[in-house]
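Trainee: sequence plus the predicted model coming up.
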Amino acid sequence: MAKNAVLSRAILFALAGALGACSAVKSDPDGTGENVVANAAHPERVYWGDTHLHTANSVDAFGFGNRLGPEMALRFARGEIVTSSTGVRAQLARPLDFLVIADHSDGLGVTRRLFDAPEFMVTDPTLRRWRAMMHESPAQSQRAIGELITAAATNSLPAQFRNPQVNTEGTRRIWQNHLEIVERYNQPGRFTAFGGFEFSLMPNGNNLHRVVMFRDGIRRTGRVIPFGSIGDVPVERLWDYMDGYERTTGGRVLAIPHNGNLSNGLMFELTGPDGGPMRADYARRRMAHEPVVEATQNKGDSESHPFLSPNDEFAGFGDAGWELGNLPLNERKTPDMFAGEYLREALKRGLTLEAQMGVNPYRFGMVGGTDMHTSLTTSDEDNFLGDHSGNEPSPGRVMAPQTIGTAEGRFGWNFLAGGYTGVWATSNTRAAIFDAIARREVYASTGPRMVVRLFGGFDFTPQDFSGDWVGAGYRRGVPMGGELTGNGQNRAPTFLISALRDPIGANLDRVQMVKGWIDDAGATHEQIYDVAWSSPETRHKVEGRLTPVGNTVDLAHASYTNAIGAPELRTVWRDPDFQPGQRAFYYLRVLEIPTPRWVVYDAVRFGYRLPAGVDPVDQERAYSSPIWYNPAPAAPRTAAMQHLSYRPA
Amino acid sequence: MRGILTRWLREPLVHFLLGGMLIFVWFAWRGTPVDAESRTITITRAEVAALASGFAGQAARAPTSAELDQMLDDRVREEIYYREALRLGLDIDDPVIRRRLRSKMEFLAASADEGVPPPAGAIDTYFAAHRAQYARDARLSFDQIFVSSAAIAPDGPRSAAIIERLNEMGDNWAALGEPISLPAHMDGAMAGDLDARFGPGFAAALARAPQHQWAGPVRSGYGWHMVRLMARGGGDIPPLAEVRQQVENDWRAETGDARQRAAWRLLRNAYRVTIER
């Protein structure tokens, strides 16, 4: 017995060593950073981050050749030099302030296990073939993953992949390991690392993906495992999972839908999930769980589409290729689908649904992500490391067909360089950044770190800019993401607007206010106002269109100059077409001057001519979260509303 | 030989492997917890609870009794097949099981690397060699005005004129600047935050300015600034305790591969391998 006790003690000792590493931060048991860093009275600077990055733990990323795990992803985001999976030494010009690693919850680490498994262990003929392809060559490996994505999209994954028990065990191990690394890199006040995952719901290949991000540290996040979508789990089950997490741990979690542009009309439907009328309960839950939507990322931009906004000359940004169909392109797009895919239209649909139900399911803010599968969160045109490791810098990548699924008609050049999120938070901590996202005080950028501020109120004047206008904005109005309610005096809303270019980026062309509203007959409309632009002395509106800013791009050298445009544009704007009884939203779109796209940097770097048909130049942009205008509450009209407004004496 | 031994004894992976060996010895000596001879299966209350909570972790609700029965049935089925397989000796020389055990060992080694604290002294040594990397951010308090025009190049006649006018303006100095949404005055701003807002290199240039007097121009990403540095602090090396996690991260990242190779060599060297051809 004595011998036994000694051995037991030795084992305990060995285990204690392993556990010791977990108790590094004593003052921050929940890992939210709330009591570690002082918060500013109101947000003073914008914090930049990527809300959507994949590492080698993602089933497809590994298959595409990514061999970098979360640790390297975090080191890269905070500014360290990292060597990519294909051997490119890379470093961000400027570190990010925060990062959400969002590996696919489905089959977390599964491809790595398949890759490592001995051949005869793999009995399923499909898995056997994929395994062989993964070992054969990087190109074959990418084809295998293309097939895998298609199978996932069409619900025809081999049974072994769908075995929940096997997967749960693997998921739990990788999740714990992942969270420990995230915890080690979270440095309140300097760099924030969030726990998160991607819920990759994709019925018939129609993309309904969500990034799920947690506000808390491992003590809470370690009590759950990422929630899977295999078997076309409806999104309400994800919300149940989120509710369960918050109830059992006391933590907080939110979800960020993305790539509406690949959903074939399903992301922002007017109907409920069962095809019948949308229920208020569904709308309320959607709003509560999904306060923001990803507007832009490397697989296209979902803000607007020329089909929906024919009068918007800038609506087509990042739509080429992606607009052809859903994610694996197993179903082509038809024009009637666009309205359920793009954010501007969704915001309008929200007004329609609110008129019907009294609840707006699509009252969301806008964020940007990269969705890179390389573990390397790059977002600038001059540092495009690739959507996935098979797409890392090489001479042929611009015209390479994108073998995601059975793709025809999508090519390397359709990828955007990726987006980032600007967050108006009071400190660089999980709590402050999460809370800012939850209250929608955030904006999306297609890469450049421009500083965009927007306040809505009823009495802002240009004189406000000569004083502490930010303070005035918070005191007398609401920031982006907020709501204005009519004061009964029929005064039009006024907006304090400021856009400062990226300190190391291109000048600004113009700032636009995008307004959407619903008229008394229930029809929705949109209107774009140019509210501030560079060189106003020489640029004028002709038939409603502003003189173009010009173009300094030198394609031969992949360069531009800031000889045109302005470093900052700011103004106070009053809605000239305001109708006090009509619900409306207002958001900013800030356009840079034209700059070379990543394909031009590639052409110069590798010394070739860009093929015809490839867009070489674009105007990068930022989208603020909207501010909503609600008419002054009228006298209660229905029994239900009376009930809502009843207050006991 | 003695040197190698002490080095080994300091190596966390050695501790880990010894711990692992002890666990195996203990199980071998006590008999494995699953007794292949036994034909009695007891699923304890704790195991049932673990099954249910595993389900709840995924589904965010407790399983129904039918679901739980299904899981229990599956559990019993697995246990019986497992014991029968052991009885038949199917675990011996099965390449699938060998490969699975190998990958478990590799995983254990990898997570040992993740979980085991670094050997005593390693972090101190690493910190001593890379101290400058962990300096606290410089903190700067200053006034600034923005002058977009390139006409005020350094040492240009106009910068002297602007400084003169700034001095004349007294407390009203801010009126001289061109409008830009950057703070005219900051107290104790961190150098990293300054570079993020004004552009890389601004903080370093500002820190070189003389204190309590107008100077410049200093270049930002937007143009030129006349600056008055009021106070300069920070930039000192913090005690190790304050940055221990960061130092440990860097130490792990830099030495991870080498330590895993060393651990493998350690194992490999304990074997004599003969290959007959």
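Mentor: Perfect, I can see it now.

Trainee: state the distance from the closest residue to chain B within the stretch 101-250 of chain A to A:Val224.
Mentor: Nearest residue of the stretch 101-250 of chain A to chain B (CB to the nearest CB) works out as A:Gly244 at 2.9 Å. From N, CA and C alone the C-beta is placed, and that goes for glycine too. Separation of A:Gly244 from A:Val224 (CB to CB, to the nearest Å): 8 Å.

Trainee: isn't the residue of the stretch 101-250 of chain A closest to chain B right up against B:Arg61?
Mentor: Yes: contact criterion CB atoms under 8 Å: A:Gly244 and B:Arg61 qualify, at 6.8 Å.

Trainee: for those two, indicate the residue with more neighbours.
Mentor: A:Gly244 (19 against 14; other CB atoms under 10 Å in any protein chain shown).

Trainee: so which helix or strand takes in the more buried one?
Mentor: Per DSSP states H and E, A:Gly244 falls inside helix A:235-249.

Trainee: in that helix, what's buried?
Mentor: Residues of helix A:235-249 classed as buried by neighbour count (16 or more other CB atoms under 10 Å in any protein chain shown): A:Val235, A:Arg237, A:Leu238, A:Trp239, A:Asp240, A:Tyr241, A:Met242, A:Asp243, A:Gly244, A:Tyr245, A:Glu246, A:Thr249.

Trainee: average pLDDT for whichever helix or strand comes after it?
Mentor: Next along the chain after helix A:235-249, taking DSSP H and E as the criterion, comes strand A:253-257. Mean pLDDT, strand A:253-257: 98.

Trainee: wait, does strand A:253-257 contact chain B?
Mentor: No: in terms of CB under 8 Å from any CB of the partner chain, no part of strand A:253-257 sits within range of chain B; the closest distance is 11.2 Å.

Trainee: report the angle between the axes of the very next helix or strand once past that strand and helix A:235-249?
Mentor: Helices and strands here follow DSSP H and E; after strand A:253-257, the next one along the chain is helix A:280-289. Per axes from the mean of the first three to the mean of the last three CA atoms, to 10 degrees, the angle that helix A:280-289 makes with helix A:235-249 is 60 degrees.

Trainee: using CSV, list the CA coordinates for helix A:280-289.
Mentor: Output of helix A:280-289 as CSV, limited to C-alpha atoms (Å, rounded to 0.1, in the frame of the first residue of the first chain):
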residue,chain,number,x,y,z
ALA,A,280,-41.6,38.0,-34.0
ASP,A,281,-39.9,35.5,-31.7
TYR,A,282,-37.5,34.4,-34.4
ALA,A,283,-36.8,38.0,-35.3
ARG,A,284,-36.1,38.9,-31.6
ARG,A,285,-33.8,36.0,-31.2
ARG,A,286,-31.9,36.8,-34.3
MET,A,287,-31.3,40.4,-33.2
ALA,A,288,-30.3,39.3,-29.7
HIS,A,289,-27.7,36.8,-31.0
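
Trainee: and B:Glu248, how far is that from A:Gln297?
Mentor: 33 Å.

Trainee: so for these two, which residue has more residues nearby?
Mentor: Between B:Glu248 and A:Gln297, A:Gln297 has the larger neighbour count (other CB under 10 Å), namely 30 against 19.

Trainee: that one contacts A:Gly368, doesn't it?
Mentor: Yes: look at A:Gln297 against A:Gly368 with CB under 8 Å: they come within range, at 6.6 Å.

Trainee: residues shared between the contacts of these two?
Mentor: Both A:Gln297 and A:Gly368 are contacted by A:Gly418, A:Gly419, under the criterion CB atoms under 8 Å, 6 or more residues apart in numbering or on different chains.

Trainee: confirm that A:Phe227 sits in a strand.
Mentor: No: residue state for A:Phe227 (DSSP: H, G, I helix; E, B strand; the rest coil) corresponds to coil; a strand is not indicated.

Trainee: poorly predicted segments of the stretch 101-250 of chain B, please.
Mentor: Applying pLDDT under 70 to the stretch 101-250 of chain B picks out residues B:103-104, B:106-116, B:149-157.

Trainee: which parts of it are helices?
Mentor: B:122-129, B:157-169, B:191-198, B:202-207, B:240-269 (DSSP state H, counting those that start in this stretch).

Trainee: make TSV out of those helices and add distance to chain A.
Mentor: Converted to TSV, those look like this (distance: least, CB to the nearest CB, whole Å):
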stretch	distance to chain A
helix B:122-129	12
helix B:157-169	16
helix B:191-198	6
helix B:202-207	8
helix B:240-269	5
